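1. Sequence below, structure please.
(chains A, B, C and D)
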2 protein chains.
Amino acid sequence: MTLGTSQLDTSQPGRGPDASPKLGRKRDHTRDPDILEAALEVLAETGYDGMTMEMVAARAKAGKATLYRRWPSKGELVIDAVACMKRGGFDRDHLPDTGTLRGDLVAMIKPHAVEDGARKMRIMAGLMSMISRTPELAEAARAAIVEPRASANRILLQRAIDRGEISADCDIDNLAMLSQSMAIYRVLVLQKPVNREFFIGLIDGIVLPAVGLGRPQAQRDGNTAR
Amino acid sequence: MTLGTSQLDTSQPGRGPDASPKLGRKRDHTRDPDILEAALEVLAETGYDGMTMEMVAARAKAGKATLYRRWPSKGELVIDAVACMKRGGFDRDHLPDTGTLRGDLVAMIKPHAVEDGARKMRIMAGLMSMISRTPELAEAARAAIVEPRASANRILLQRAIDRGEISADCDIDNLAMLSQSMAIYRVLVLQKPVNREFFIGLIDGIVLPAVGLGRPQAQRDGNTAR
DNA sequence: TCTATACGAAACCAAACAGTTCCGGATATG
DNA sequence: CATATCCGGAACTGTTTGGTTTCGTATAGA
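-> Now for the predicted structure:
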């Protein structure tokens, strides 16, 4: 949904129907961003079940009461935190446009993007146990963590088709998810680092060959080391 | 679910020569297989943190005391259960050999294998939260759940290379993990079913094109359709 | 300055759960 | 039958933790 603004808890005594407080501080939940950020950090470090509200409160230098004033439960807080994690979403207009598919794909692998991706993978790992039991959370995670990159890849591939670089028959949908899938697998299952070389290897070893661009043997060194 | 003497662990028949008790019952932890099986079921259904020893005991129609007589902790039980989950491992000698890579890959997609794979995905999901904090568990899960299929794929690809069907340059390692990666992603993140069509689509849309066999529009009809 | 409000800190409560202990019963051996 | 062992079930303990309440305080508006 929208930011962390669910509905205000109206359990405070004597609140009038008018929502605008005439007196006292009017700033409304200033600490929300800090708390959400803290929740994401703890989530990435300990996973959903290992995470406690006290950890989040301590990390955000807040009190547990503040958390519960704002979110009715731990689950809601996590959903909100994940949903608010929109940063890193690739904007349609800021996508690389190098003229070749390989150039575009490689240009996507900025150090910042890799690092941010690793963080997201860790968050995703922390969510895994809960994700299969909370469709709402699954959707939030999908939209915030993996969909941005997948749709960016989809756009890049579509552009390559439009300019005639690759065939229109290509399985764009699966190809767009490929790097994310393999990255999750690598981090969560193989427990190996996801770095630039890994992505390059994927591009040159699978994606480009799969779209008929062959293996660009001259333009880089061997990645299929065994 | 109802067990009826699983063939998981054959530790009870031939007792060692040394440890033979002279009196009383000599059956040694007969219930172990049932308990391990129950642990896997509960694990798949509720995840590691949601799983309780009482659930496992109840499912196995055993007492909690029996569990703790045999395993020192919940963690140890889970590690053992995962490690004992060897079934479904593809034997090197029972792999399909149809003469073509596509034939072999498609032959791997038996209904039983798909169903079993889905179960393993669920177990893996349940383990996720714990897996990053318990290297021992991570290794057990990798060896029991994903490695068997990956290595089977590797063998199939290698055979295709050996017979000259595909180039030796292919990124075998990544290709062998591809279907597993995409399946995990699909089940856990996309929450869509992993069925035969999905795997066929992967083979025809990505794997075969990536190894230079092109898209087999002519050789098989109706398989790549939606 | 006064006042209402949101805040952080800490105490508190109830439920759930890992792990333990005890006991009656089943069962195989002698 | 006697005995030794293992089992299932249930009661019990101690701890953790989600969630609540209380209270002193900081702050912004009147």
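2. Now do the buried residues in stretch A:98-110.
-> Buried residues in stretch A:98-110, counted by 16 or more other CB atoms under 10 Å in any protein chain shown: A:100-102, A:104-106, A:108-109. Glycine gets a C-beta too; all of them are placed from N, C-alpha and C.
3. As TSV, these with secondary structure would be great.
-> Output for the buried residues of stretch A:98-110, formatted as TSV (DSSP: H, G, I helix; E, B strand; the rest coil):
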residue	secondary structure
A:100	coil
A:101	helix
A:102	helix
A:104	helix
A:105	helix
A:106	helix
A:108	coil
A:109	coil
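4. just for chain A, where's the confidence low?
-> Across chain A, the ranges flagged by pLDDT under 70 are A:1-29, A:87-88, A:215-226.
5. Mind jotting down where the helices sit in chain A?
-> Ranges of helices in chain A, per DSSP state H, are A:32-50, A:53-59, A:64-70, A:74-84, A:101-107, A:111-131, A:135-141, A:147-162, A:172-184, A:196-202, A:208-210.
6. which ones are touching residue A:209?
-> Residue A:209 sits next to A:215, B:170, B:209-212 when contact means CB atoms under 8 Å, 6 or more residues apart in numbering or on different chains.
7. do you know how far the residue most central in space within chain A is from residue A:131?
-> For chain A, residue A:145 is the residue whose C-alpha lies nearest the centre (CA atoms, centre = their mean; 2.0 Å). Distance of residue A:145 to residue A:131, given as CB to CB, to the nearest Å: 10 Å.
8. Check residue A:85 too.
-> From residue A:85 across to residue A:131, the span is 14 Å (CB to CB).
9. So which of those two has more stuff around it?
-> More crowded of residue A:85 and residue A:131, by other CB atoms under 10 Å in any protein chain shown: residue A:131, with 25 against 22.
10. So that one sits against residue A:142, correct?
-> No: contact between residue A:131 and residue A:142 fails when scored by CB atoms under 8 Å: they sit 9.0 Å apart.
11. joint contacts of these two?
-> With CB under 8 Å, 6+ apart as the test, residue A:131 and residue A:142 both reach residue B:189.
12. Outside of stretch A:130-145 itself, list whatever touches it.
-> Contacting residues not belonging to stretch A:130-145 are listed as A:48-49, A:75, A:78-79, A:82-86, A:120, A:123-124, A:127, B:47, B:50, B:122, B:125, B:188-191 [CB under 8 Å, 6+ apart].
13. hmm, who's touching stretch A:105-113?
-> With contact meaning CB under 8 Å, 6+ apart, stretch A:105-113 is reached by A:88, A:90, A:95-96, A:98, A:149, A:152-153, A:156, A:196, A:199-200, A:203, A:207.
14. can you list the domains in chain A?
-> A:32-84, A:92-210 (automatic domain parsing).
15. Of those, which is nearest residue B:60?
-> Residue B:60 lies closest to domain A:92-210 among these, at 22.0 Å (CB to CB).
16. chain center to that closest one, what's the gap?
-> Mean-position distance between domain A:92-210 and its chain equals 11 Å (CA atoms, centre = their mean, to the nearest Å).
17. so how far does it reach from one end to the other?
-> 24 Å (CA to CA, to the nearest Å).
18. Does that domain reach DNA strand D?
-> No: for domain A:92-210, no contact with DNA strand D is found by CB under 7 Å from any atom of the strand; the gap never falls below 11.8 Å.
19. Does that domain reach DNA strand C?
-> No: Domain A:92-210 stays clear of DNA strand C (CB under 7 Å from any atom of the strand), getting no nearer than 13.1 Å.
20. quick one: contacts for the closest residue to residue A:123 other than its chain neighbours?
-> In space, and not counting its chain neighbours, residue A:123 is closest to residue A:44: 4.7 Å by CB to CB, 6 or more residues apart in numbering or on different chains. For residue A:44, the contact set (CB under 8 Å, 6+ apart) comprises A:119, A:122-123, A:126.
21. from the contacts of stretch A:105-113, which is closest to residue B:166?
-> Distance to residue B:166 across the contacts of stretch A:105-113 (CB to CB) is lowest for residue A:207, with 17.0 Å.
22. right, and that closest one touches residue A:175 too?
-> Yes: under the criterion of CB under 8 Å, residue A:207 makes contact with residue A:175 at 6.0 Å.
23. and residue A:202, what does it touch?
-> The neighbours of residue A:202, taking CB under 8 Å, 6+ apart as the test, are A:178-179, A:182, B:174.
24. And it, how close does it get to residue B:176?
-> On the measure of CB to CB, residue A:202 and residue B:176 end up 13 Å apart.
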